[in-house]
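Colleague: structure of the sequence below:
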Amino acid sequence: MNHERFYITDETVIEHIVSTQKQYFYAQKTKSINSRIQALNKLRDAVKQNEQRIMDALKQDLNKSEVEAYTSEIGILLEEIRFTLKHLAKWMKPKKVKTALTHVGSKGKIVPEPYGVALIIAPWNYPFQLALSPLVGAIAAGNTAIIKPSELTPSVSRVIQELLAEAFDPAFVTVVEGAVDTTSLLLKQPVDYIFFTGSVNVGKIIMQEAGKQLIPVTLELGGKSPCIVHEDANLDLAAKRIMFGKGMNAGQTCVAPDYLLVHKKVKAQLVEKLREAISQFYGSNPLESDRYGRIVSERHFTRLVEFLKDGNAIVGGGYNKNTLTIEPTVLSEVSWTSDVMQEEIFGPILPMIEYETLDEVIHKVQEKAKPLALYLFTESEDVQNAITERLSFGGGCINDTLMHIATPYLPFGGVGESGTGQYHGKDSFQTFTHFKSMLSQTTKFDLSFRYPSEKQSLKMIKKLLK
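Modeller: Below you'll find the model as predicted:
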């Protein structure tokens with residue numbers, strides 16, 4: 001199938017899509033709680049009815065197993081919808097605020113209102129979940145939405161397009177398929193909000209283009225997320241949970257442990273336990289495992305294979321160009337100046353650097369851009385406090401990996417180069433919502449001292465404002 005025949009590259013067509021959505025929004029069709037609940041239920045039902053289609057597409061594009069596909073793409077989305085439906089009425093209510101002494105007789109409230117047309121630009125690594133999870137927030141907040149899926153996962157892109165076309169009026173929710181040219185055209189449009197998930201470099205372009213029209217943005221980016229294994233760590237659990245985080249989607253996860261910082265006392269033991277965990281998860285030959293994913297494209301595969309030259313593969317190191325698969329690999333003899341340590345790996349390669357003191361770890365991590373995630377394995381509360389208080393990162397786990405992103409009770413997002421803005425749960429609703437301040441003033445009396453003609457104005461104002 002030539003997927004490019006579905007791509008929209010005509011600027012007039014895209015302008016019409018945006019204009020149609022604006023008119024739909026202005027018609028107040030998205031704002032009532034009933035319309036939002038109905039839309040979320042439609043989305044949930046559409047996902048449930050198409051589970052097998054979604055999993056088949058993920059298998060075709062990324063070789064994801066059904067367990068991984070359901071857990072990380074479908075199940076997590078259904079939980080997001082369930083949580084949102086449960087709490088939406090409370091989130092939508094205007095919030096009364098206290099009255100200042102200077103405003104006696106008035107009433108203040110904060111009114112949540114949608115922005116309007118939301119543009120959601122999704123990545124290829126979790127192509128279903130990362131396209132539709134922001135959509136949950138956009139719908140819940142009362143917006144219309146245009147979704148641009150990744151062209152690198154064409155099977156999933158097509159399923160998303162068909163699924164949403166069957167469920168929604170395109171004036172409310174629609175999918176625009178295409179490559180870079182299509183994205184460039186979308187970024188020229190007067191949308192009301194942009195939500196982007198992807199690389200740091202593209203995120204900078206998104207922010208630059210949005211800035212030309214002062215369109216608010218959320219940028220969910222990435223970076224080099226460290227995983228620290230201290231000398232007192234439970235190594236059996238650490239190895240399993242590290243490889244769970246690195247092996248998921250063959251390491252193509254924005255919050256995957258990017259590199260290991262291991263105390264020199266436990267380095268040798270950890271290496272053996274990582275090897276055991278890989279064998280337990282994917283068998284003696286991960287390249288042939290039906291539980292292990294592949295690299296998304298030949299270009300990405302070639303880039304990752306080059307990184308294998310930056311150290312000694314003490315675990316794994318094998319690869320197959322025909323199937324675009326690379327074994328889960330631990331690299332030793334890596335320096336901070338190696339190429340593999342200069343950019344986000346986004347693959348199943350785990351460089352390992354040993355350390356002796358915690359200060360050494362903190363100083364080295366501080367020298368790099370603030371990461372999207374940080375993982376720490378230790379039994380010491382003092383070590384936990386030292387790391388979490390002295391290092392800045394988007395979010396993370398103590399004695400685990402990835403799991404902080406799987407709960408709607410924790411906001412997810414980056415800081416600095418790893419992103420701006422947060423979502424999941426209530427934070428998704430807040431991301432796509434403008435909170436409008438409203439003051440209702442009484443007409444029963446008037447505090448005249450505020451007017452410049454009153455002789456006692458300054459005296460009264462000084463008493464109230466001090």
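Colleague: burial count for the closest residue to Thr197 other than its chain neighbours?
Modeller: Computed as CB to CB, 6 or more residues apart in numbering, the closest residue to Thr197 that is not its neighbour in sequence is Glu220, at 4.2 Å. (C-beta placed from N, C-alpha, C; glycine too.) As a burial measure, Glu220 scores 24 neighbours (other CB atoms under 10 Å).
Colleague: what is Leu331 paired to in the beta sheet?
Modeller: On the basis of DSSP bridges, Leu331 takes part in beta bridges with Ala313, Pro351.
Colleague: before we move on, back to that, model confidence for the residue nearest to Thr197, exactly?
Modeller: Here the pLDDT value assigned to Glu220 is 97.
Colleague: ok, now Ser448?
Modeller: 81.
Colleague: equivalent analysis for Asn2, please.
Modeller: pLDDT, Asn2: 57.
Colleague: next one: Lys455
Modeller: Reading off the model, Lys455 has pLDDT 68.
Colleague: equivalent analysis for Pro452, please.
Modeller: 80.
Colleague: for it, helix, strand, or coil?
Modeller: Here Pro452 is recorded as coil under DSSP: H, G, I helix; E, B strand; the rest coil.
Colleague: ok, now which ones touch it?
Modeller: By CB atoms under 8 Å, 6 or more residues apart in numbering, the contact set of Pro452 is empty.
Colleague: now the residue most central in space within the chain: phi and psi?
Modeller: In the chain, the C-alpha nearest the mean C-alpha coordinate belongs to Glu220, at 4.7 Å (CA atoms, centre = their mean). With angles defined as degrees, to the nearest 10, Glu220 sits at phi -100, psi 100.
Colleague: give the buried residues for the one helix or strand in the chain whose mean pLDDT sits lowest.
Modeller: Between all helices and strands in the chain, the lowest mean by mean pLDDT, DSSP states H and E belongs to helix 457-464, at a mean of 79. For helix 457-464, a neighbour-count test (16 or more other CB atoms under 10 Å) marks nothing as buried.
Colleague: who touches that helix?
Modeller: Leu101, Thr102, Phe449, Arg450, Tyr451, Glu454.
Colleague: if we use 6 Å, what do you get?
Modeller: With contacts defined as CB atoms under 6 Å, 6 or more residues apart in numbering, helix 457-464 is touched by Leu101, Thr102, Phe449.
Colleague: got the domain boundaries for this protein?
Modeller: Annotated domains of the chain cover 3-221+417-437, 226-413 [automatic domain parsing].
Colleague: turn those into TSV, columns for distance to Leu464.
Modeller: Output for the domains of the chain, formatted as TSV (distance: least, CB to CB, whole Å):
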stretch	distance to Leu464
domain 3-221+417-437	5
domain 226-413	37
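Colleague: where does this protein have low pLDDT?
Modeller: The chain contains residues with pLDDT under 70 at 1-5, 454-455.
Colleague: one more time with 80, if that's ok
Modeller: The chain contains residues with pLDDT under 80 at 1-5, 449, 453-458, 460-461, 463-464, 466.
Colleague: just to revisit the earlier point, wait, which of the domains of the chain is closest to Thr443?
Modeller: Nearest to Thr443, of all the domains of the chain, is domain 3-221+417-437, at 8.9 Å by CB to CB.
Colleague: count of neighbours near Glu379?
Modeller: 13.
Colleague: and it, helix, strand or coil?
Modeller: coil.
Colleague: quick check: phi and psi on it?
Modeller: Dihedral angles (degrees, to the nearest 10) for Glu379: phi -100, psi 0.
Colleague: tell me how far it lies from Ala238.
Modeller: According to CB to CB, to the nearest Å, Glu379 and Ala238 sit 11 Å apart.
Colleague: before we move on, what about Val97?
Modeller: Val97 is 47 Å from Ala238, by CB to CB.
Colleague: ok, those two, which is more surrounded?
Modeller: Ala238 (28 against 13).
Colleague: what's near enough to touch that one?
Modeller: Contacts of Ala238 (CB under 6 Å, 6+ apart): Val229, Phe377.
Colleague: now do the buried residues in the helix or strand harbouring it.
Modeller: Applying DSSP states H and E as the criterion places Ala238 in helix 235-247. Neighbour-count burial for helix 235-247, counted by 16+ other CB under 10 Å, picks out Leu235, Ala238, Ala239, Lys240, Arg241, Ile242, Met243, Phe244, Gly245, Lys246, Gly247.
Colleague: what's the answer for stretch 6-19, then?
Modeller: Tyr7, Ile8, Ile14, Ile17, Val18.
Colleague: can you redo the residues you listed as TSV with secondary structure and distance to Pro351?
Modeller: Output for the buried residues of stretch 6-19, formatted as TSV (DSSP: H, G, I helix; E, B strand; the rest coil; distance: CB to CB, whole Å):
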residue	secondary structure	distance to Pro351
Tyr7	coil	37
Ile8	coil	41
Ile14	helix	42
Ile17	helix	44
Val18	helix	44
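Colleague: turn these into a markdown table, columns for distance to Leu358.
Modeller: Below are the buried residues of stretch 6-19 laid out as a markdown table (distance: CB to CB, whole Å):
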| residue | distance to Leu358 |
| --- | --- |
| Tyr7 | 51 |
| Ile8 | 52 |
| Ile14 | 52 |
| Ile17 | 53 |
| Val18 | 52 |
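Colleague: what's the closest of those residues to Asn285?
Modeller: Tyr7 (38.0 Å).
Colleague: the closest one and Glu177 touch, don't they?
Modeller: Yes: counting by CB atoms under 6 Å, Tyr7 does reach Glu177; the two are 5.5 Å apart.
Colleague: which parts of the stretch 351-466 of the chain are helices?
Modeller: 358-367, 381-390, 426-431, 457-464 (DSSP state H, counting those that start in this stretch).
Colleague: to clarify, my last question referred to the stretch 201-350 of the chain.
Modeller: Under DSSP H, counting those that start in this stretch, the stretch 201-350 of the chain gives helices at 235-247, 267-282, 298-307.
Colleague: so which of these comes closest to Ala165?
Modeller: Ala165 lies closest to helix 298-307 among the helices of the stretch 201-350 of the chain, at 29.5 Å (CB to CB).
Colleague: list the buried residues of that closest one.
Modeller: His300, Phe301, Leu304, Phe307.
Colleague: got it, and stretch 282-294?
Modeller: Tyr282, Pro286, Leu287, Ser289, Tyr292, Gly293, Arg294.
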